[in-house]
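K.L.:
Below are the sequence and a predicted model; questions follow.
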Amino acid sequence: MDKEVSLKVKCPHCDKSLMEEEVQFKNKPSVKINIETEHDRGVLWMSCIYGSCDKKLSIEIEDGEVVDMFCPGCNKELTIAETCQECNAPLVSMVIKAGGIVRICSRKGCNNHLIIFRDVSSEMSKFYYEYGF
């Protein structure tokens, strides 16, 4: 059985944790992000397990729709200037507390995501220490 890695993430702007204990997936806290569409505002809770696409939404979003995502703490946008290699939608960036950055696609239905290490030696060491690889 493959090892599941549950990431703890925080806002790249205010450093506030994005983890939500009250909504869980597989007995792990979710990642809570405020979302906005052309017509509505709501909340997205995502599984913190890397590779899982489990999520819960407080509003209806059509498949293929791109949403804006914001930190629930500082309300700054988490979208960055880079686009998804799968569908060309904007990427959303969050800081991994153990080191590195996780990026997800902002289009509903696209499950593209990746982890980036800017300072490979330092951040990978913290990451491996945290997750025991």
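P.N.:
Happy to help now that I have it.
K.L.:
list the contacts for residue 85?
P.N.:
By C-beta atoms under 8 Å, 6 or more residues apart in numbering, the contact list for residue 85 reads residue 112. (C-beta placed from N, C-alpha, C; glycine too.)
K.L.:
Sorry, wrong one. I was asking about residue 64.
P.N.:
Taking C-beta under 8 Å, 6+ apart as the test, what residue 64 contacts is 107-109.
K.L.:
Next one, pLDDT for it please.
P.N.:
At residue 64, the model reports a pLDDT of 96.
K.L.:
go on, residue 117?
P.N.:
pLDDT, read off for residue 117, is 78.
K.L.:
Was I right to think it contacts residue 96?
P.N.:
No - at 9.2 Å, residue 117 and residue 96 do not qualify as touching, with contact defined as C-beta atoms under 8 Å.
K.L.:
Can you find the helix or strand of the chain with the lowest average pLDDT?
P.N.:
When the helices and strands of the chain are scored by mean pLDDT, DSSP states H and E, helix 120-131 comes last with a mean of 62.
K.L.:
Show me which residues of stretch 11-25 are buried.
P.N.:
Neighbour-count burial for stretch 11-25, counted by 16 or more other C-beta atoms under 10 Å, picks out 11, 17-20, 25.
K.L.:
For my notes, confirm residue 32 occurs in a strand.
P.N.:
Yes - counting by DSSP: H, G, I helix; E, B strand; the rest coil, residue 32 is found in a strand.
K.L.:
Any stretches of this protein with poor pLDDT?
P.N.:
Within the chain, the ranges that satisfy pLDDT under 70 run 1-3, 119-133.
K.L.:
Let me see the ranges of the strands in it.
P.N.:
Assigned by DSSP state E, the strands in the chain fall at 9-10, 19-25, 28-36, 41-47, 55-57, 68-70, 79-83, 90-96, 101-105, 113-116.
K.L.:
strands paired with the last one, and their directions?
P.N.:
The partner list of strand 113-116 in its sheet, established with DSSP bridges, is strand 101-105 (antiparallel).
K.L.:
Just the CA atoms from the partner strand would do, formatted as CSV, please.
P.N.:
What follows is strand 101-105, C-alpha atoms only, in CSV (Å, rounded to 0.1, in the frame of the first residue of the first chain):
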residue,chain,number,x,y,z
ILE,A,101,4.9,25.0,-2.3
VAL,A,102,1.8,23.1,-3.5
ARG,A,103,0.0,24.4,-6.6
ILE,A,104,-3.5,23.4,-7.8
CYS,A,105,-5.6,24.2,-10.8
